[in-house]
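**Q** got a structure for you, letters missing:
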Ligand code: PLP
């Protein structure tokens, strides 16, 4: 089926072919077949602009940052620091200094747990998460529970993968100090109702940390409008390099937090008796950072910001609707995650083949999907499955990719069905 056939007008307006053309890897065959890359939720592919920014940094503008007095270091430092402003604009933070560079979402959440959490939480204090969190928004709180005696509460979701708001509200109490919640579930695709969650959490006196790993590539993200106190995301899911990302923290909060990693670049002065720390965000950025990667993240932000976002949203909504419709025609399929508000992820199982076997057969047809528990084992437990097959989309994904998936599932049925 041609990609443009019967796409709604606003989706058809989005020029997928022009976007795809900017991603060299999408021209690489896989097992001799055209690559249908359906694993953007794990990590997005990189446009040429990002690849060039990283290459050019190493080829022409590379030196350590914040340290050298020579021109090259000053230029690299300026290019690196400029990414703070780009990140601020991307998420509409109030100030560049509210942007802490991290190695990704995991690093950002651990920063909040180890810095804010260790300094502010004690026995009996509660952290409320949801049942659909990624392990990176579960394990740091369990570590704090073991160390500080905090209580970890979990708000459940229903059979569609929708957070049960009555339960969420019931679990909020005056002991709740933090609500840590995903913007979008990576295993189910559910978009969390942050417009309800955040005001409710604040009314209970809790702070809110939003895990934006799966949200930022698909949803307009304005940390001030949403009211997040902390917001973490990964560069590699936003078409940027691996090992990059940022944690947003409200200025007043960051100012009060102790550092959690010690080392170079986060201090004002050091003697053996005493260290004076630098102001945020540098206080939280010990050691030589991912310089070229972060500059690449800046290129990814520029690239992403220049997309037609209304067109992109319509295009991704079309892929979700088309993919769901086509998958439901496949005999023996069960969708895992059927929330009315979803973003760019379709998880499913087949009643005649294990997800890992499905993934292997699809791979032989050039179709790259993720199979496994998606670092969300409690979600698998909820649906009583060990794993799912997950197809996820990015700006470059097309209906042709979905058609390739459906055709490859025929092969699975022939072998296992
Ligand atoms: N949170 C969610 C919802 C995710 O999907 C992921 C990665 O898949 C993470 C957190 C962790 O991101 P990273 O591995 O980039 O730190």
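**A** Cool, the structure landed. Every value quoted in this text rests on a predicted model; they were computed, and no experiment measured them.
**Q** my read: residue 377 touches residue 132, true?
**A** No - counting by CB atoms under 8 Å, residue 132 is not a contact partner of residue 377; they are 11.3 Å apart. For the C-beta atoms, the positions are set from N, CA and C on the backbone; glycine is no exception.
**Q** so those two - more neighbours on which side?
**A** Neighbour count, other CB atoms under 10 Å: between residue 377 and residue 132, residue 132 has more, with 29 against 15.
**Q** point to the residue nearest the middle of the protein.
**A** For the chain, the residue sitting closest to the mean C-alpha position, by CA atoms, centre = their mean, is residue 213 at 1.4 Å.
**Q** residue contacts, that one?
**A** 104-105, 134, 136, 182-183, 186, 232-234, 237 (CB atoms under 8 Å, 6 or more residues apart in numbering).
**Q** not counting sequence-adjacent ones, nearest residue to residue 201?
**A** Spatial nearest neighbour of residue 201, chain neighbours left out: residue 179 (4.0 Å); criterion: CB to CB, 6 or more residues apart in numbering.
**Q** what's the helix or strand for the one you found?
**A** strand 176-182 (DSSP states H and E).
**Q** residues of the helix or strand following that strand that come out buried?
**A** Per DSSP H and E, strand 176-182 leads on to helix 194-203 as the next helix or strand towards the C-terminus. Neighbour counts over helix 194-203 (16 or more other CB atoms under 10 Å) mark 194, 197-198, 200-201 as buried.
**Q** also stretch 209-226?
**A** 209-219, 221, 223, 226.
**Q** show me these that map onto strands.
**A** 209-211 (DSSP state E).
**Q** closest one of the residues you listed to the ligand?
**A** Nearest to the ligand among those is residue 211, at 4.6 Å by CB to the nearest ligand atom.
**Q** beta-bridge partners for the closest one, please?
**A** residue 182, residue 232 (DSSP bridges).
**Q** list the contacts of it.
**A** 105, 109, 133-134, 136-137, 180-183, 232.
**Q** how about a cut-off of 7 Å?
**A** 105, 109, 134, 137, 181-183, 232 (CB atoms under 7 Å, 6 or more residues apart in numbering).
**Q** now, which of those residues lie close to the ligand?
**A** For the ligand, the contacts drawn from these by CB under 6 Å from any ligand atom are 105, 134, 137, 182.
**Q** need phi/psi at the residue of the stretch 251-400 of the chain found nearest the ligand.
**A** Proximity to the ligand, evaluated over the stretch 251-400 of the chain using CB to the nearest ligand atom, is greatest for residue 375 at 6.0 Å. In terms of degrees, to the nearest 10, the main-chain angles of residue 375 are phi 50, psi 40.
**Q** can you count the residues close to the residue lying closest to it once chain neighbours are set aside?
**A** Closest residue in space to residue 375, ignoring its immediate chain neighbours: residue 135 at 4.4 Å, by CB to CB, 6+ apart. By the criterion of other CB under 10 Å, residue 135 has 15 neighbours.
**Q** gap between residue 135 and residue 310?
**A** According to CB to CB, to the nearest Å, residue 135 and residue 310 sit 34 Å apart.
**Q** now swap in residue 296 and tell me
**A** In terms of CB to CB, residue 296 sits 26 Å off from residue 310.
**Q** show me which of the two is the more surrounded one.
**A** Comparing residue 296 with residue 310 by other CB under 10 Å, the one with more neighbours is residue 296, at 30 against 12.
**Q** residues touching the more buried one, list them.
**A** 50, 53-54, 240-241, 244.
**Q** returning to what we had before: so which of the buried residues of stretch 209-226 is the closest to the ligand?
**A** Using CB to the nearest ligand atom, the buried residues of stretch 209-226 come closest to the ligand at residue 213, 3.5 Å.
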